[in-house]
Every structure is written in C-alpha cells, then in structure tokens.
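Participant: Curious how this folds, go ahead:
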Amino acid sequence: MFYIWRLSDASALTQLEIDMFDRTDLLCYACLPDGASFSDNIAAASRAGFTELSFWLMSIDVGRKELGSLEAVREVLDQHGMRATSLEFMTAWTHASNGEHLEELDVMLAAAEVFEPELVMVGCMTPEIPDFARAAANLRVQCQQLGAQGVKLGLEFLPWSALPNPQAVLQLVDTVAEDNLGFVIDTWHFTRAGMDYDALAQLPGDKVHFIQVADALPEQPDEDIMEQTLGYRCAPGEGVVDWPRMLQLWRDMGIACPIGTEMFSNKVKAMSLDDGAQYLHETLQRPFRE
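Facilitator: Purely as a prediction, here's the structure:
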C-alpha cells in the first residue's frame with residue numbers, strides 16, 4: 001500500500017484516500033524485456049514486487065505452448081502468488097458479422113474460466129465502426145456472457161480509433177447499458193487524445209475498472225503514433241502528464257480500481273529481465289509516493 005503524498009502527519013490521510021490507491025502492483029506482462037521463458041518472467045515480476053498481471057491472450061498462449069496447458073500456466077501464477085487480474089483484448093464486436101465476435105468471445109470465456117480475471121478489456125482498433133447499433137448489440141452479448149462468470153469489461157479509448165476519447169467511450173457505455181461494462185483509463189492514450197482533464201472527469205468514477213500508467217513525451221508533428229505507442233512510452237514524471245492534477249481528479253471521481261504499468265518502452269526491452277521488472281515496478285509507484 002502506498003500513500004498518495006508524503007505527509008508528516010500520516011493520520012491526515014483518510015481511509016478512503018488510502019483505499020483508493022492500494023492496488024498499484026500490477027504489471028502488463030507484455031512490457032517485460034523479451035527473451036526469457038514464461039515461468040522466468042513470472043518469477044522476475046514477483047521478485048520485483050508485482051502481485052497482479054494483465055495479459056494479452058497471445059502471451060497466455062505462449063505460456064500454454066511452453067507449459068502444456070492453460071491450467072499449467074495458472075499453476076505457475078499461483079506458485080508465485082500472482083493473479084491474472086485482466087485479460088485483453090476483444091475487438092471483433094465492432095464488426096457487423098455476428099460470427100466473428102462470438103468466436104472471439106468463446107476463446108475469452110475459456111481463458112476466463114481458468115484464470116478467473118476481474119476484468120476483460122475491450123476496444124476498437126479501426127478508424128470507423130460500420131454499424132454502431134450492431135456493435136453495441138454485440139458488445140452487450142459479450143457483457144452478458146462474461147458477466148455470468150462474474151467478470152467486468154473495461155472499454156478503452158484509443159486515439160487512432162473510432163473511440164478516440166473519453167466522450168466516445170462514455171456514449172457507448174451508456175448505449176450498451178450493462179452493469180458490468182465500464183472504462184479503462186490509459187494515461188498514454190490520454191496524452192494523445194488531447195489531454196482533456198475535464199472530459200476525463202465526466203466518466204463516472206464507479207465505472208472506471210482499470211487504470212494503465214505511463215507518461216509521454218510531447219507529441220511531434222511527424223510522429224508515427226503506433227511506433228511511439230509500442231516503443232517510446234516513458235516513466236511517470238518524465239513526460240507531459242500533470243500527475244498531481246491527475247491523482248486529484250481520480251480522488252474527486254472516487255475511483256478505486258487496479259492500477260498497473262503499461263509502459264511499452266524500447267529502453268525497458270533492452271534491460272535484463274530483473275532490471276526491467278524492477279524498473280517497471282519502481283516507476284509505477286512514483287506518482288503515489290512523491
């Protein structure tokens with residue numbers, strides 16, 4: 001548990017303020033340096049202080065191929081006291097065809113049965129959604145099926161997509177109108193969506209299901225946004241995010257959800273496994289300790 005600010009009188013922090021930010025030991029598995037086995041990666045993440053993980057299904061599949069089954073992957077997590085808090089990323093619901101989004105859902109349901117995640121992340125990777133009403137209906141089915149397993153869904157805005165900002169995801173969540181559908185706030189994507197703190201504050205705090213933390217250098221006119229997204233995120237405090245303002249906003253919204261690092265960084269990829277894992281953990285804690 002990490003306090004939001006260093007105070008000479010720790011009693012000045014209310015229990016609510018402490019509890020809102022007491023889950024800040026979550027790692028996006030894909031951020032680790034490349035080259036090690038799945039089991040070694042989990043061990044290094046645990047040594048660094050992480051207790052929760054967010055997995056792309058492709059990462060889970062790598063572990064399955066190495067270890068023989070999804071159940072064996074779960075056993076490795078359990079051995080290290082690690083939880084697969086979030087699984088991602090479902091996008092086929094944005095298509096008009098029913099069949100494709102149901103196939104994707106079946107894969108996610110099978111993984112969710114083994115790993116018992118708290119959250120499944122969803123989003124749009126294309127610049128347009130051809131049929132908004134159909135997409136909302138598809139997403140509603142996914143919410144209902146995963147909700148039957150006690151799983152929440154988190155909708156993420158991506159600046160290059162048809163859901164580029166907080167206003168767009170708020171509209172879709174309201175349209176779908178399922179209790180287990182909420183929002184994901186990724187602070188990197190927030191910077192490339194225009195850094196509109198007032199728009200972010202319009203999201204209902206009790207529907208923010210996950211926060212992903214990274215900072216960003218100032219946007220350049222000629223930058224390749226996907227290249228920057230996948231290789232040039234930086235640590236909190238090294239970029240343009242106003243962290244005191246951001247944390248105050250989250251407090252005002254009453255947010256209480258898992259907070260994890262999603263710092264895709266070529267700098268981290270070049271580190272040794274243990275150094276990279278420790279760096280990711282230390283920099284994730286930075287905004288909550290300063």
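
Participant: what about the strands in the stretch 151-290 of the chain?
Facilitator: In the stretch 151-290 of the chain, the segments counted as strands under DSSP state E, counting those that start in this stretch are 152-156, 181-186, 208-213, 259-261.

Participant: most tightly surrounded among those strands?
Facilitator: Most buried of these by mean neighbour count (mean count of other Cβ atoms under 10 Å) is strand 259-261; its value is a mean of 27. (C-beta placed from N, C-alpha, C; glycine too.)

Participant: and that strand, how far from the chain's centre?
Facilitator: 7 Å (Cα atoms, centre = their mean, to the nearest Å).

Participant: Just list what that strand packs against, helices and strands only.
Facilitator: On a contact count with 3 or more Cβ pairs under 8 Å, 6 or more residues apart in numbering; DSSP states H and E, strand 259-261 meets strand 26-28, strand 208-213, helix 273-289.

Participant: List the strands paired with it, with their directions.
Facilitator: Within its sheet, and counting by DSSP bridges, strand 259-261 is paired with strand 26-28 (parallel), strand 208-213 (parallel).

Participant: For the helix or strand following the first one, which outside residues touch it?
Facilitator: Looking back up the chat, that one is strand 26-28. Going down the chain from strand 26-28, the next helix or strand is helix 38-48, by DSSP states H and E. Applying Cβ atoms under 8 Å, 6 or more residues apart in numbering, the contact partners of helix 38-48 are 27, 29, 32, 36, 53, 59, 62-63, 66-67, 73, 76-77, 80-82, 273-274, 276-278, 280-281.

Participant: Just want the angle from the helix or strand just after helix 38-48 to strand 208-213.
Facilitator: Later in the chain than helix 38-48, the nearest helix or strand by DSSP H and E is strand 52-56. If you take axes from the mean of the first three to the mean of the last three Cα atoms, to 10 degrees, strand 52-56 sits at 90 degrees to strand 208-213.

Participant: Next, the angle helix 38-48 makes with strand 52-56.
Facilitator: 150 degrees.

Participant: would you turn the strands of the stretch 151-290 of the chain into JSON lines with mean pLDDT?
Facilitator: Below are the strands of the stretch 151-290 of the chain laid out as JSON lines (pLDDT from 0 to 100):
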{"stretch": "strand 152-156", "mean pLDDT": "98"}
{"stretch": "strand 181-186", "mean pLDDT": "98"}
{"stretch": "strand 208-213", "mean pLDDT": "98"}
{"stretch": "strand 259-261", "mean pLDDT": "97"}
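
Participant: Out of these, the one nearest K267 is which?
Facilitator: Nearest to K267 among the strands of the stretch 151-290 of the chain is strand 259-261 (13.4 Å), distances taken as Cβ to Cβ.

Participant: for the spatially most central residue of the chain, what are its contacts?
Facilitator: Centrality entry for the chain: nearest residue to the mean C-alpha point is Q212, 4.5 Å, by Cα atoms, centre = their mean. Residues near Q212 by Cβ under 8 Å, 6+ apart: 28, 54, 184-188, 260-262.

Participant: Apply 7 Å and report the result again.
Facilitator: By Cβ atoms under 7 Å, 6 or more residues apart in numbering, the residues touching Q212 are 28, 184, 186-187, 260, 262.

Participant: Over to E66?
Facilitator: Going by Cβ under 7 Å, 6+ apart, E66 touches 37-38.

Participant: which outside residues touch stretch 185-196?
Facilitator: Contacts for stretch 185-196 (Cβ under 7 Å, 6+ apart): 156-159, 164-165, 200, 208, 211-216, 219, 225, 229, 233, 240-241, 246, 262.

Participant: Now do the end-to-end distance for it.
Facilitator: End-to-end distance for stretch 185-196: 12 Å, by Cα to Cα, to the nearest Å.

Participant: So for that stretch, what gets flagged as buried?
Facilitator: The neighbour-count criterion (16 or more other Cβ atoms under 10 Å) identifies 185-193, 195 as the buried residues of stretch 185-196.

Participant: Would you format these as CSV with distance to M121 included?
Facilitator: Shown next, in CSV, are the buried residues of stretch 185-196 (distance: Cβ to Cβ, whole Å):
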residue, distance to M121
I185, 12
D186, 10
T187, 15
W188, 14
H189, 12
F190, 16
T191, 19
R192, 18
A193, 17
M195, 22
